[in-house]
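Novice: below is the structure, and that's it, no one-letter string:
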């Protein structure tokens, strides 16, 4: 932190998508500089291109050579690209993917070195980023490898918080991937995140079934009886308040989801369809379980919206606010749970 403000590292994402538009729309409100210090890892040339497509005459980045050169009361941009970078607005290109990875690598380095406090990632295209340097389905898997941690993707909004046991995997593989051990691992991660990162005491977690009607007592599938219920029971024995499994359709079709602090879905679309239906414009993707704080808007590159100045910045703005809130909550949690004798000289006792 600098001057009591969280330093927020921001990656540029796919330079041909709406990343710069939602970034600049968010940072154009000068009030954000009162609560954090934004640092974009990107390109002045790319930023200028997208700025021309928008009505933002009153906004400009503070150019910084590196993280040590940032201005504490401005929105900063560190140039991590060369002058050969080219924008093909609204198109998926190899250069767009490479630029996203370059930005991510630079931000991760400063995050690992403790020079920025949190990371907010603009959307990438999962196809054009693939290379020898980035061979992952998305940010989440990259961060897992980077920090040698097992993570949990949690979608967050004012309506619900929902994590998923499996993320970017084919549906045909689900029965072979979902296990008691994996569900229990994700429940532990979600429970700890709710306590440490969201400041919730005694969180209640709803667990969804895998099959229609949550298996209907074994008539429509055995995974509930043989895998999911044993995982819930094991979590309960550890003091985690997990309940279920609930049939996903009825659970979201009623107000049941409002009775819980979070939901654990079995697979990507089971969790993200109801989430995006209720929170698409303001939802945030949060990566729980890793030692650093990372958030992202819930939307993608939206090539079809580029250059029209119509993309909503609500989700990206929420991603910044959530990252700041989690940083403060985690700092407080670490402070109140640390060993009070850790730094005491035994010879003085």
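Specialist: Sure, I can see it. Being a predicted model, the structure only gives us computed values, none of them experimental. Numbering: from 1, shown residues only.
Novice: quote the end-to-end distance of stretch 163-174.
Specialist: End-to-end distance for stretch 163-174: 16 Å, by Cα to Cα, to the nearest Å.
Novice: try stretch 297-312
Specialist: Using Cα to Cα, one end of stretch 297-312 lies 11 Å from the other.
Novice: can you point out the buried residues in it?
Specialist: By 16 or more other Cβ atoms under 10 Å, the buried positions in stretch 297-312 come out as 297, 298, 299, 301, 302, 303, 305, 306, 307, 311, 312. To be clear about C-beta, it is placed using only N, CA and C from the backbone, and glycine gets the same treatment.
Novice: nearest to residue 158 among these?
Specialist: Of all those, residue 298 has the smallest distance to residue 158: 12.7 Å, by Cβ to Cβ.
Novice: residues in contact with the closest one?
Specialist: Residues counted as contacts of residue 298 (Cβ atoms under 8 Å, 6 or more residues apart in numbering) are 155, 157, 275, 276, 279, 280, 282, 283, 284, 285, 315.
Novice: in strands, which of the residues you listed appear?
Specialist: The strands, defined by DSSP state E, take in 155, 284, 285 from those.
Novice: for residue 201, see how far away the residue nearest to the first one when sequence neighbours are not counted is.
Specialist: Going back to what we said before, that points to residue 155. Once flanking residues are discounted, residue 155 sits nearest to residue 275: 4.5 Å by Cβ to Cβ, 6 or more residues apart in numbering. With distances taken as Cβ to Cβ, to the nearest Å, residue 275 is found 24 Å from residue 201.
Novice: do the same with residue 258
Specialist: Separation of residue 258 from residue 201 (Cβ to Cβ): 18 Å.
Novice: so for stretch 111-121, what gets flagged as buried?
Specialist: Buried, per 16+ other Cβ under 10 Å, within stretch 111-121: 111, 115, 116, 117, 118, 119, 120, 121.
Novice: all helices of the stretch 51-200 of the chain, in order?
Specialist: For the stretch 51-200 of the chain, the helices defined by DSSP state H, counting those that start in this stretch occupy 94-112, 139-146, 174-177, 180-196.
Novice: closest one of the buried residues of stretch 297-312 to residue 234?
Specialist: The nearest member of those to residue 234, counting by Cβ to Cβ, is residue 298 at 30.9 Å.
Novice: what's the pLDDT at residue 337?
Specialist: For residue 337, the model assigns a pLDDT of 87.
Novice: hmm, I typed the wrong one, I wanted residue 313.
Specialist: Looking at residue 313, its pLDDT reads 94.
Novice: quick one: residues contacting it.
Specialist: For residue 313, the contacting residues are 21, 22, 23, 25, 26, by Cβ under 8 Å, 6+ apart.
Novice: turn these into a markdown table, including distance to residue 336 and secondary structure.
Specialist: As requested, the contacts of residue 313 are exported to a markdown table (distance: Cβ to Cβ, whole Å; DSSP: H, G, I helix; E, B strand; the rest coil):
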| residue | distance to residue 336 | secondary structure |
| --- | --- | --- |
| 21 | 40 | helix |
| 22 | 35 | helix |
| 23 | 34 | helix |
| 25 | 37 | helix |
| 26 | 32 | helix |
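Novice: can you redo those residues as CSV with neighbour count, distance to residue 80 and pLDDT?
Specialist: Formatted as CSV, these follow (neighbours: other Cβ atoms under 10 Å; distance: Cβ to Cβ, whole Å; pLDDT from 0 to 100):
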residue, neighbour count, distance to residue 80, pLDDT
21, 26, 19, 96
22, 25, 19, 96
23, 29, 14, 97
25, 21, 22, 96
26, 23, 20, 96
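Novice: tell me, which helix in the protein spans the most residues?
Specialist: Identified as the longest helix of the chain according to DSSP state H is helix 314-337.
Novice: now do that one: everything it contacts.
Specialist: 6, 8, 10, 22-23, 25-26, 32, 35-36, 38, 117-120, 122, 156-157, 195-199, 280-286, 293-299.
Novice: thought residue 297 was touching residue 123?
Specialist: Yes: shown here, residue 297 and residue 123 form a contact pair, counting by Cβ atoms under 8 Å, at 6.6 Å.
Novice: about what we covered before: nearest to residue 246 among the ones in strands among the contacts of residue 298?
Specialist: Proximity of those to residue 246 (Cβ to Cβ) peaks at residue 155, which lies at 17.3 Å.
Novice: wait, isn't that closest one in contact with residue 271?
Specialist: Yes: between residue 155 and residue 271 there is a contact under Cβ under 8 Å: 6.7 Å.
Novice: okay, those two: which has more neighbours?
Specialist: Each of residue 155 and residue 271 has its neighbours counted (other Cβ atoms under 10 Å); residue 271 has more, 26 against 23.
Novice: just confirm the more buried one is within a helix.
Specialist: Yes: counting by DSSP: H, G, I helix; E, B strand; the rest coil, residue 271 is located in a helix.
Novice: quick one: it and residue 164 touch, right?
Specialist: Yes: taking contacts as Cβ under 8 Å, residue 271 lies within contact range of residue 164: 4.6 Å.
Novice: coming back round to it: write the PyMOL selection for whichever of the contacts of helix 314-337 are buried.
Specialist: In PyMOL syntax, the buried subset of these is picked out as below (16+ other Cβ under 10 Å):
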select buried, resi 6+8+10+22+23+25+26+32+36+38+117+118+119+120+122+156+157+195+196+197+198+282+283+284+285+286+293+294+295+296+297+298+299
